[in-house]
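Visitor: I would like to see how this sequence folds:
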Amino acid sequence: MTAFKDLFDLKGRTAVVTGGCGILGRRFADGLAEFGAKVAIVDLDAQAVQAAASELSARYAVDAKGYACDITQPETIRRTAESIEADLGPV
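Guide: Take a look at the predicted model:
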C-alpha cells in the first residue's frame, strides 16, 4: 500500500508562496515544505521573510529562502523570480 506522503511527494520541486508571512501563507509554506518542496517565501517585510524561511528550513530540513517583494511592481516581480530560480531552481 502506498503511504499518504508518497502520493504528494514534492522533493525536487520549487514552490513560491506570496503573502508567505501571513496566516494562510505560513500554513501553505509549511504544507509544501512538509512534503519536501523547496520553498520561496515572498512578502513585503525583508526581516519577516528571512525569519520565516529560517524557521521552515529548520523544521522540515528543506531549502527555504525569503524574498522581500512588492507584487504590485512588475519589475520587482521579474527580479525576484530571477533570484528564486537562481537560488532554488525553476518553479
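
Visitor: Quick check: next helix or strand after the helix or strand where G31 lies?
Guide: Taking DSSP states H and E as the criterion, G31 maps to helix 23-34. Moving toward the C-terminus from helix 23-34, the next helix or strand (DSSP H and E) is strand 38-43.

Visitor: Give me the distance from the helix-or-strand element of the chain with minimal mean pLDDT to the chain's centre.
Guide: Scoring the helices and strands of the chain by mean pLDDT, DSSP states H and E places helix 4-7 at the bottom, with a mean of 75. Helix 4-7 has its C-alpha centroid displaced from the chain centroid by 20 Å (C-alpha atoms, centre = their mean, to the nearest Å).

Visitor: Stretch 31-47 too?
Guide: 2 Å.

Visitor: How far away from the center of its chain is stretch 40-49?
Guide: 10 Å.

Visitor: List the buried residues for that stretch?
Guide: Residues 40-43, 48-49 are the ones in stretch 40-49 that count as buried (16 or more other C-beta atoms under 10 Å). For glycine as for every other residue, the C-beta is placed from the backbone atoms N, C-alpha and C.

Visitor: would you say E85 is within a helix?
Guide: Yes. Remark: E85 belongs to a helix, assigned using DSSP: H, G, I helix; E, B strand; the rest coil.

Visitor: For V42, see how far away the closest residue to it other than its chain neighbours is.
Guide: Excluding the flanking residues, the one nearest E85 by C-beta to C-beta, 6 or more residues apart in numbering is V91, at 6.9 Å. For V91, the distance to V42 equals 11 Å [C-beta to C-beta, to the nearest Å].

Visitor: got it, and S83?
Guide: 10 Å.

Visitor: ok, residues contacting stretch 76-87?
Guide: 14, 16, 40, 42, 65, 67, 69-71, 91 (C-beta atoms under 8 Å, 6 or more residues apart in numbering).

Visitor: how many neighbours does R59 have?
Guide: 12 (other C-beta atoms under 10 Å).
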